[in-house]
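*Asks:* need a 3D model of the following:
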Amino acid sequence: MKIEPTGKSGSIDRRVARTRTLLQDALIALIPQHGYAPITVEDICEKANVGRSTFYTHYSGKDDLRSATIDAHLRALTHRRRSADPQAHGRLFVFSLPMFEHAHAFRSLHHALLSSGGDTIHDEIRERIHRAVRRELADKRIGDGAVPVECAVQFIVGAFLAVLTWWIASDTGLSPVQVDHLFQQMALNGMRASA
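*Replies:* This is a model prediction of the structure:
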């Protein structure tokens with residue numbers, strides 16, 4: 001996974017980026033095997049072949065690494081999708097196709113995350129999707145106000161996670177583009193019906 005540039009200068013030292021990538025990739029590799037909760041900093045360091053002091057130079061703890069990993073993945077997904085598809089700017093629920101593509105590329109990770117509903121990493125991803133949908137609905141002023149925005153947010157996020165969970169757990173043969181098209185169709189129909 002590529003770490004996006006950060007900081008005021010817009011760039012990140014290659015060694016720092018390499019170390020962070022190693023640590024984030026180690027966490028991603030360990031979650032499908034063990035779930036998030038039982039993983040320790042020692043497990044991550046061992047998998048990444050990085051010392052504890054180096055780990056703590058970059059992250060304050062496992063939860064900080066988790067947040068940075070989710071941020072890096074979502075930022076890379078959104079950036080890559082918008083760069084590849086100029087139509088994404090006018091599209092509703094732009095998060096969905098990149099998430100389906102990511103879930104397809106990291107199927108075992110997403111299967112582990114979605115099957116452990118009480119896991120904090122699953123809750124964090126759910127909350128980030130909530131914020132993305134809330135922002136999109138507010139920015140595009142969907143509906144006539146008959147349905148409260150928060151109700152629409154709950155509807156879209158619930159539907160998305162249900163479709164994602166079904167698609168990851170099943171052998172549907174649907175590509176990320178195909179399942180996204182189905183989700184978009186159903187979500188837009190649901191939004192139109194509520195308006």
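
*Asks:* isn't Ile31 right up against Leu109?
*Replies:* Yes - with contacts counted by Cβ atoms under 8 Å, Ile31 reaches Leu109, the gap being 5.7 Å. In this view, the C-beta of every residue, glycine as well, is placed from N, C-alpha and C.

*Asks:* between these two, which has more neighbouring residues?
*Replies:* More neighbours surround Ile31 than the other of Ile31 and Leu109, with 24 against 20 (other Cβ atoms under 10 Å).

*Asks:* phi, psi for that one please.
*Replies:* phi -60, psi -50 (degrees, to the nearest 10).

*Asks:* same check, this time on Glu127
*Replies:* Dihedral angles for Glu127 - degrees, to the nearest 10 - are phi -70, psi -40.

*Asks:* so what pLDDT did it get?
*Replies:* pLDDT for Glu127: 86.

*Asks:* one more: Arg135?
*Replies:* As predicted, Arg135 sits at a pLDDT of 86.

*Asks:* now do Ser53
*Replies:* 96.

*Asks:* now it: which helix or strand?
*Replies:* If you go by DSSP states H and E, Ser53 is part of helix 52-58.

*Asks:* tell me what that helix is packed against?
*Replies:* helix 14-34, helix 41-48 (3 or more Cβ pairs under 8 Å, 6 or more residues apart in numbering; DSSP states H and E).

*Asks:* JSON lines for these, including mean pLDDT?
*Replies:* Below are the helices and strands packed on helix 52-58 laid out as JSON lines (pLDDT from 0 to 100):
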{"stretch": "helix 14-34", "mean pLDDT": "89"}
{"stretch": "helix 41-48", "mean pLDDT": "96"}
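
*Asks:* with distance to Arg66 added, can I get the ones you listed in TSV?
*Replies:* TSV is the format used below for the helices and strands packed on helix 52-58 (distance: least, Cβ to Cβ, whole Å):
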stretch	distance to Arg66
helix 14-34	7
helix 41-48	10
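
*Asks:* out of the ones you listed, which comes closest to Ala162?
*Replies:* Between Ala162 and the helices and strands packed on helix 52-58, the tightest spacing by Cβ to Cβ is seen for helix 14-34, at 21.1 Å.

*Asks:* tell me what angle that closest one forms with helix 41-48.
*Replies:* 110 degrees (axes from the mean of the first three to the mean of the last three Cα atoms, to 10 degrees).

*Asks:* for helix 14-34, list every residue counted as buried.
*Replies:* When burial is assessed from 16 or more other Cβ atoms under 10 Å, helix 14-34 yields the following buried residues: 17, 19-24, 26-28, 30-32.

*Asks:* return the member of the residues you listed nearest to Asp63.
*Replies:* Closest to Asp63, out of all of the buried residues of helix 14-34 and judged by Cβ to Cβ, is Leu27, at 10.8 Å.

*Asks:* how about the contacts made by the closest one?
*Replies:* By Cβ atoms under 8 Å, 6 or more residues apart in numbering, the residues touching Leu27 are 39, 44, 62, 65-66, 69.
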